[in-house]
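Chemist: sharing a sequence plus its predicted fold:
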Protein chains: 2
Amino acid sequence: MTNASDNIVSNMDIPRPVFFVSDRTGITAESLGHALLTQFSSMNFEHHSLPFINSEEKAISAADTINQIAQTSQHQPLVFSTIINDVYRKIIGNTNSHLIDFFDAFINPLEIELCTKSSHAEGLSHGISNERVYMTRMDAVNYALKNDDGISTKEYKDADVILIGVSRSGKTPTCLYLAMQFGLRAANYPLTEFDMTKGNLPKILQPYRNKLFGLMINAERLHAIREIRRPDSEYSSLVQCQKETRLINSLFDVENIRRIDSSHISVEEIATSIIQLMKINRPPIY
Amino acid sequence: MTNASDNIVSNMDIPRPVFFVSDRTGITAESLGHALLTQFSSMNFEHHSLPFINSEEKAISAADTINQIAQTSQHQPLVFSTIINDVYRKIIGNTNSHLIDFFDAFINPLEIELCTKSSHAEGLSHGISNERVYMTRMDAVNYALKNDDGISTKEYKDADVILIGVSRSGKTPTCLYLAMQFGLRAANYPLTEFDMTKGNLPKILQPYRNKLFGLMINAERLHAIREIRRPDSEYSSLVQCQKETRLINSLFDVENIRRIDSSHISVEEIATSIIQLMKINRPPIY
């Protein structure tokens, strides 16, 4: 006799297919879908992305894909959808799947609350719906590249923020993320050991004191990151990392620099924290 | 006598406050909230972001902020929330607002469908929940910077994709986005007029033919973008842009390069299209 609970356990090991279906990039569908699925960490999921479902033909083809996977899998697929068009939504809705329709769930209640019919226009997110906002973001990416790692300090007057920290504390990816996601102009300046030993800000940074933001990192984490880059070097040694982190934390103290510990948080978290702590006025996410 | 419809019109001109509340970065809440609100394009909204609501104290403070805005605004605020903790959610839910709770709406149905209780653990999205995936993304950002604009071609064997196109066709931001969002290793190589006039691929690219992806752009759009960068130059002239785009399109034809027209789509759309068209196996969005 088969034990029912055995079956459940072994069944849970087989990943359940999950589809993220969208009329545009599918990034929003996948982000929220993923956020929900991380709440079921004991389960395995197999991710499939079906972006740009913006015609009846593509909707039928997407539905075929879902049904094919449904036939070969031991689990019924989950489908997270942000499709707006009613015809395409119905086609996806008729598949052999458990549908979680993000638009359906909220658009009707919002129409009632806002006393307005929704336009049912195809996704305006993650596109160039607002040319000005989009160009601001692309300009900001160019700004971050031109003002990375102290290459140039000429445009610091245009910066929204200037990050300072030791080498490998996360300055460059954070600047790029602030630019790409929020359209903010973020520069970064690498403090040398000489700067840090002097114990105060280099002259070049002093006029921009109100734009400075410090990234701290603990010595062990810095050591681990640097080891990947230059193994067994003086640069990556724990002794050197301890020295630099001690010096920079003391400089941040003396100069009263706003700062955050970047050791165990992501660029998204660092960037969002900087905006919050510096009270930077940013445009809404596109 | 006041005309009722006049009142409605003037009331709609006053922006309605919208809050995006989250226990982490709030990026998911804002993305989906914004996607929903773009469906009501006749209305004005005033965006407020309340990230990192991860303690009772912060939840009370966020609720105060919402209530204060509610008191001074002519409209009741909308609140989009991805908070998971029940206590904090209840605090936000008791504000003078119209709450759209993304987790509440889907977690219970998912628990039933998956026959599993959700962990109700604080947001695992947009953090370093998976160290390996996160380091892959950061490595990919470094890779994109090192292999930008033909600076180096030594690591092309490690590339997931090598973008080719004329200057200002969107190669660099697309590579950075592919890296930051998806952890893909994306290089880019600028084809010179000499390369394009010869009419076939430079030798250095020939071994990587299966990794190449072309970005097309129409001459008018290219002209407009280059004019911002170097106004009234030969580089930005319409004649030069027409010449380069004609040459590169012909090279793409001759060499049978997979390609996309980047003229009127965003980096998010270009990146997602590349992944789809090249069938690149990417990890799920973090």
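Modeler: Nice, I can see it.
Chemist: domain ranges for chain A?
Modeler: The record, using automatic domain parsing to delimit domains, assigns chain A the ranges A:4-114, A:131-277.
Chemist: what is the mean pLDDT for the first one?
Modeler: This points to domain A:4-114. Mean per-residue pLDDT for domain A:4-114: 90.
Chemist: run a quick neighbour tally on residue A:72.
Modeler: Residues lying near residue A:72 (other C-beta atoms under 10 Å in any protein chain shown) number 7. C-beta coordinates here come from the backbone N, C-alpha and C atoms, glycine included.
Chemist: if I look at it, how far off is chain B?
Modeler: Separation of residue A:72 from chain B (C-beta to the nearest C-beta, to the nearest Å) stands at 19 Å.
Chemist: hmm, back to that, turn the domains of chain A into a markdown table, including distance to residue B:244.
Modeler: A markdown table is the format used below for the domains of chain A (distance: least, C-beta to C-beta, whole Å):
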| stretch | distance to residue B:244 |
| --- | --- |
| domain A:4-114 | 28 |
| domain A:131-277 | 20 |
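Chemist: for these, which one sits closest to residue B:29?
Modeler: Nearest to residue B:29 among the domains of chain A is domain A:4-114; the distance by C-beta to C-beta comes to 8.7 Å.
Chemist: related to what we said a few turns ago, indicate which one of the domains of chain A is closest to residue B:192.
Modeler: Residue B:192 lies closest to domain A:131-277 among those, at 20.6 Å (C-beta to C-beta).
Chemist: show the residue spans covered by the helices in the stretch 151-286 of chain A.
Modeler: A:171-182, A:193-198, A:219-229, A:238-255, A:267-277 (DSSP state H, counting those that start in this stretch).
Chemist: winner for burial among the ones you listed?
Modeler: Greatest average neighbour count among these goes to helix A:171-182 (a mean of 25), per mean count of other C-beta atoms under 10 Å in any protein chain shown.
Chemist: that one vs helix B:267-277, what angle?
Modeler: Inter-element angle recorded for helix A:171-182 and helix B:267-277: 100 degrees (by axes from the mean of the first three to the mean of the last three C-alpha atoms, to 10 degrees).
Chemist: contact partners of helix A:171-182?
Modeler: A:137, A:140-141, A:143-145, A:147-149, A:160-161, A:163-165, A:184-188, A:190, A:215, A:262, A:267-268, A:270-271, A:274-275, A:282-283, A:285, B:27, B:138, B:141, B:145, B:173, B:176-177, B:180, B:267 (C-beta atoms under 8 Å, 6 or more residues apart in numbering or on different chains).
Chemist: which ones among these map onto strands?
Modeler: A:161, A:163-165, A:186-188, A:190, A:215 (DSSP state E).
Chemist: between these, which is nearest residue A:155?
Modeler: Closest to residue A:155, out of all of the ones in strands among the contacts of helix A:171-182 and judged by C-beta to C-beta, is residue A:187, at 7.3 Å.
Chemist: tell me the pLDDT at the closest one?
Modeler: 98.
Chemist: check contacts around it.
Modeler: A:143-144, A:147-148, A:153, A:155-156, A:159, A:161-163, A:175.
Chemist: ok, what's across the strand from it?
Modeler: Residue A:187 has these beta-bridge partners by DSSP bridges: residue A:162.
Chemist: against residue A:53, how distant is it?
Modeler: Distance, residue A:187 to residue A:53, using C-beta to C-beta, to the nearest Å: 40 Å.
Chemist: equivalent analysis for residue A:140, please.
Modeler: According to C-beta to C-beta, residue A:140 and residue A:53 sit 31 Å apart.
Chemist: before we move on, back to that, taking the ones in strands among the contacts of helix A:171-182 together, which two end up most distant?
Modeler: That would be A:161 and A:190, which, of those, are the farthest apart (C-beta to C-beta) at 15.4 Å.
Chemist: neighbour count winner among those two?
Modeler: The neighbour comparison of residue A:161 against residue A:190 (other C-beta under 10 Å) goes to residue A:161, with 22 against 17.
Chemist: per-residue confidence for the residue nearest the centre of chain A?
Modeler: Ranked by distance to the mean C-alpha position of chain A (C-alpha atoms, centre = their mean), the top residue is residue A:268 at 4.9 Å. Among the per-residue scores, residue A:268 shows a pLDDT of 94.
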